[in-house]
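In: Need the 3D shape of this:
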Amino acid sequence: MVGLLPILMGVAVYSKLPEKMPIHWGLDGEPNGFATKWVGILILPLIMVVVNLIVQLSLETAPKTNLKLGKLMLWLLPIMSVIFQILILSQALGYHVEIGLITMVIIGIVLIMLGNYIPKTSQNRVAGFRFPMTMRNPDNWQKTNRLGGMMLVISGILMITGGIISIWYPMVVVLTFIVIFVLIVLVPLGYSIRLAHQS
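Out: Next comes the predicted model:
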């Protein structure tokens, strides 16, 4: 039901929306992609609903020891869909909204939340740092996901900080994403490979 709320919000203000509404923004925070009203209202919620269904189906095969993370993931997408739809509709209605800043803050908060849950998960094929080495070795999984959780929290803080700085220096967004990619992909992967070679 929550996943459909963004569509109802769009329908409620449909008559006030411009014929072409922004659906994509550049690094400078200016819209650079537009769509018709119905596409603008429907595209994000429908994508989120589909992704959420895929996540639900995947979680059904995950170990029951990951219930807390499963509940978090199931609620995150609908809530994010509502928030981002509010931002899109606000921009379309002519309100000045710092899309880049708010988006990076939201993503940062999500990364911090995941960073607190991921280290507590057991081996599964849905969530966590699922490298070949971690899937073969429970000890590798535990240690790599503990480090990965720390990297997620640090990345979340960097994302929020980068979002704030991007108000004055938009190009910092690119640097922020590069650093975060290194922290949450390359660092855990390298650590997992090192553990595998030590065992």
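In: Mind listing residues that contact the host helix or strand of Ile112?
Out: Taking DSSP states H and E as the definition, one finds Ile112 inside helix 99-117. With contact meaning C-beta atoms under 8 Å, 6 or more residues apart in numbering, helix 99-117 is reached by 25, 27, 29, 68-69, 72, 76, 80, 83-84, 87, 91, 148-160, 162-164, 166-167, 170, 173, 176, 180, 184. Bear in mind the C-beta positions are built from the backbone N, C-alpha and C, glycine included.
In: Among these, name the buried ones.
Out: Among the contacts of helix 99-117, those classed as buried by neighbour count (16 or more other C-beta atoms under 10 Å) are 25, 29, 69, 72, 76, 80, 84, 87, 91, 148-156, 158-160, 162-163, 166, 173, 176, 180, 184.
In: thinking again about what came up before, so which of the contacts of helix 99-117 sit within helices?
Out: Within the contacts of helix 99-117, membership in helices is found for 68-69, 72, 76, 80, 83-84, 87, 91, 148-160, 162-164, 173, 176, 180, as judged by DSSP state H.
In: pLDDT wise, what is the most centrally placed residue in the chain at?
Out: Within the chain, the residue whose C-alpha comes closest to the C-alpha centroid is Ile107; the distance, by C-alpha atoms, centre = their mean, is 5.2 Å. As predicted, Ile107 sits at a pLDDT of 95.
In: For the protein, give me the ranges with low pLDDT.
Out: Regions of the chain meeting the criterion pLDDT under 70 cover residues 1, 3, 27-28, 59, 61-67.
In: how's it carved up into domains?
Out: Here the domain assignment for the chain is 1-96, 98-199, based on automatic domain parsing.
In: so which strand or helix has Asn32?
Out: Using DSSP H and E, Asn32 falls within strand 31-36.
In: From Asn124, how far off is Ile23?
Out: According to C-beta to C-beta, to the nearest Å, Ile23 and Asn124 sit 34 Å apart.
In: for Lys71, that is, sorry about that
Out: Separation of Lys71 from Asn124 (C-beta to C-beta) stands at 14 Å.
In: Could you do Val11 as well?
Out: 38 Å.
In: Which one's more surrounded, those two?
Out: Asn124 (19 against 12; other C-beta atoms under 10 Å).
In: I'd like the distance between that one and Leu111.
Out: With C-beta to C-beta as the criterion, Asn124 and Leu111 are 19 Å apart.
In: repeat for Ile157
Out: Here the criterion is C-beta to C-beta. By it, Ile157 lies 9 Å from Leu111.
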